[in-house]
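> got a predicted structure plus its sequence, pasted below:
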Amino acid sequence: MREVYIIGAGMTQFGKHPARSLRSLGFEACLNALRDAGVKPKEIQAGYCGNALASALQGETGVGQNVFWEAGISGIPIVNVENACASGSTALREGWMAIAGGFYEMVIVAGVEKTVMPKGTMLNVGAGDLETKLGDVFPGYFALIAKKHMEKYATTSEQLAKVSVKNHFNGSLNPYAQFQKLMTVEEVLNSPMIADPLTLYSCCPNSDGSAALILCSKEKTQNINGRPVRIAASILTTGTYDNHRDITGWEVEQRAAQKAYEMASLGPKDLNLVEVHDAFTISELIHYEGLGLCSLGEGGRLIDQGVTELSGRIPVNPSGGLLSKGHPVGASGVAQVVEIIWQLRGEAGKRQIRNARVGLAQIMGGNKEGDTRACTVHILIKD
Amino acid sequence: MDQSWELVQEGLFDYPLADRQRPALLANRCNKCGKTFFPKRNLCPDCFEDGNLEDILLDKRGIIYASTVVHVTSPVGIKAPYAYGYVEIPKNQVRIFALFTGSDPPSFIPGQEVELVVEPVWENNRGQKIIGYKFKPIS
């Protein structure tokens, strides 16, 4: 297996872009990534595009061909990747495998999504699942998990709210974030209840946006003026849907993290920053545990101790996370890696973490039988 | 003319009913490892063709494992607030997703004993009642 490097990263601002199409957003991210890498469209040998909901929301399919064509990339293998919230990160893994396996020297990976809908429109996804037909909604599923975590580990509403407060602070320092405003624990707790115990500001917003990366082989990095970052681990796995599982944690995530650490020959103590799938406040606390940043059940205490703040020992979601940066579903997994690239290169502006060398990105996609359909973990190292 | 109701999903209930029997949930069980599946599966993922799946009716009594009250109207049109969660069916050793009959949190806390009710859960845009299932507390 060959080593794979990321030499270009770019994204759009996340937020509401009602006047812009998927291809317009995707074009901007791809162009930024190409310029950042200093490579031309014709040097790209394959493209992988993550998108989860365009077929349902915009009635569009084949988004990857549209987006890459806008950026001058055509006549090569292009693959559209759908894996719910993990669509973009799965596209990244596809690109990584193609170079690691020796098929190509340079590929582009993008994620693009538009989920901002007219007020009052609910995202109707998962319509084939019994749970959805019986009224299950994403915040409700995560509320069940939060309740169970509170019951088992005495995690508090304040601890949950602190995740949103931290991530909004980080987002206020990120010009690409959807929300640029600070949030207090009281504001989070007093915002409208969505699904007990999760309030409005405990849930990530619907967002439009795109992010893109240029990947290449080690050989190719010699010709690039850029600052390559190595993909030290790329793991994708799915849930086991065990009917009796303890829903206060995701075995799938613990398994993915362990494999990623083995592949990168390091452990959670070696990480300088982490981007996790904080679609809901409870998720971030459980990801601390699943990734081994603390023991099972200790997520609430970890946020209390400030360990995961920007100034803490292991900052989590320095970008603002999904809660503040926004969550254009298919783009989020790619945008997490864009943030890590910027941090490792020292280009993260006001939210820069000093001497960051190792970063981890984690994201999961979709629910099935009370478990997660897809989970990816990537570890990136600036050698 | 359309009938006035529709099942939320085929294959969930024992139907039609003999005499005045109350409907139960239909599951299946692997005769090799004993694992129970609701909704029914086509094969046992552990035993594959070494096991056979046999239809069973789930016990109507369960215990709440987790619950929440949702305060937004669901995409299928269930009006807020409504409650749901997971119910353990001890007799069949299976946990199932289920709506609850009300939205008063104290009635729907983990450990609460509940009983199956088959009834309309929402109405579609053609005015048909969608028949699903819920659990109600046993006092």
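Looks like it came in fine. Numbers count the residues shown, from 1 in each chain, chains lettered A, B, ... in the order given.
> when you work out contacts or count neighbours from here on, use the C-alpha atoms and nothing else.
Noted.
> within range of chain B, give me the residues from the stretch 51-200 of chain A.
Counting by Cα under 8 Å from any Cα of the partner chain, the positions of the stretch 51-200 of chain A adjacent to chain B are A:122-124, A:130-137, A:140, A:143-145, A:147-148, A:193-197.
> and the residue in the stretch 51-200 of chain A that chain B sits nearest to, bridged to which residues?
Per Cα to the nearest Cα, A:Ala195 is where the stretch 51-200 of chain A lies closest to chain B, at 4.2 Å. Beta-bridge partners recorded for A:Ala195 (DSSP bridges): A:Leu198, B:Val70.
> just the residues of the stretch 51-200 of chain A next to chain B: which are in helices?
If you go by DSSP state H, those have A:130-133, A:140, A:143-145, A:147-148 in helices.
> out of those, flag the one nearest to A:Lys181.
Nearest to A:Lys181 among these: A:Ala143, at 24.9 Å, using Cα to Cα.
> that closest one is in contact with B:Thr68, isn't it?
Yes. The pair A:Ala143 / B:Thr68 is scored as a contact, 6.3 Å apart, by Cα atoms under 8 Å.
> list the buried residues of the helix or strand hosting B:Glu115.
B:Glu115 belongs to strand B:113-123 when assigned by DSSP states H and E. Buried residues in strand B:113-123, defined by neighbour count with 16 or more other Cα atoms under 10 Å in any protein chain shown: B:113-117, B:120-123.
> quick one: those as a markdown table, columns for distance to chain A and pLDDT too.
Formatted as a markdown table, the buried residues of strand B:113-123 follow (distance: Cα to the nearest Cα, whole Å; pLDDT from 0 to 100):
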| residue | distance to chain A | pLDDT |
| --- | --- | --- |
| B:Glu113 | 17 | 98 |
| B:Val114 | 17 | 98 |
| B:Glu115 | 17 | 97 |
| B:Leu116 | 14 | 97 |
| B:Val117 | 14 | 95 |
| B:Pro120 | 10 | 94 |
| B:Val121 | 7 | 95 |
| B:Trp122 | 9 | 94 |
| B:Glu123 | 11 | 92 |
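> which residue would be the closest one in chain B to chain A?
Counting by Cα to the nearest Cα, chain B gets nearest chain A through B:Val70, at 4.2 Å.
> returning to what we had before: what is the strand holding B:Glu115 packed up against?
Under the contact definition 3 or more Cα pairs under 8 Å, 6 or more residues apart in numbering or on different chains; DSSP states H and E, strand B:113-123 sits against strand B:61-70, strand B:129-137.
> now mean neighbour count and mean pLDDT too, for the ones you listed, in CSV please.
Formatted as CSV, those follow (neighbours: other Cα atoms under 10 Å in any protein chain shown; pLDDT from 0 to 100):
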stretch, mean neighbour count, mean pLDDT
strand B:61-70, 25, 97
strand B:129-137, 21, 96
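> B:Ser103 is nearest to which of these?
That would be strand B:61-70 among these, by Cα to Cα, at 6.1 Å.
> so what touches that closest one?
For strand B:61-70, the surrounding residues in contact (Cα atoms under 8 Å, 6 or more residues apart in numbering or on different chains) are A:140, A:143-145, A:147-148, A:194-197, B:80-90, B:103-105, B:108-116.
> which parts of chain B sit against chain A?
So chain B meets chain A at B:8-9, B:66-72, B:74-78, B:84-85, B:94-95, B:97-99, B:121, B:132 (Cα under 8 Å from any Cα).
> mind running it again at 6 Å?
B:66-71, B:74-75 (Cα under 6 Å from any Cα of the partner chain).
> want to throw the residues you listed into CSV with distance to A:Ile99?
Output for those, formatted as CSV (distance: Cα to Cα, whole Å):
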residue, distance to A:Ile99
B:Ala66, 45
B:Ser67, 46
B:Thr68, 45
B:Val69, 47
B:Val70, 45
B:His71, 47
B:Ser74, 43
B:Pro75, 41
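> identify the farthest-apart pair in those residues.
So, the residues of chain B next to chain A by Cα to Cα: farthest apart are B:Ala66 and B:Pro75, at 21.8 Å.
> can you give me the strands in the stretch 101-250 of chain A?
A:106-114, A:193-195, A:198-199, A:208-217, A:229-237 (DSSP state E, counting those that start in this stretch).
> in JSON lines: those strands, plus mean pLDDT.
As requested, the strands of the stretch 101-250 of chain A are arranged in JSON lines below (pLDDT from 0 to 100):
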{"stretch": "strand A:106-114", "mean pLDDT": "98"}
{"stretch": "strand A:193-195", "mean pLDDT": "97"}
{"stretch": "strand A:198-199", "mean pLDDT": "98"}
{"stretch": "strand A:208-217", "mean pLDDT": "98"}
{"stretch": "strand A:229-237", "mean pLDDT": "98"}
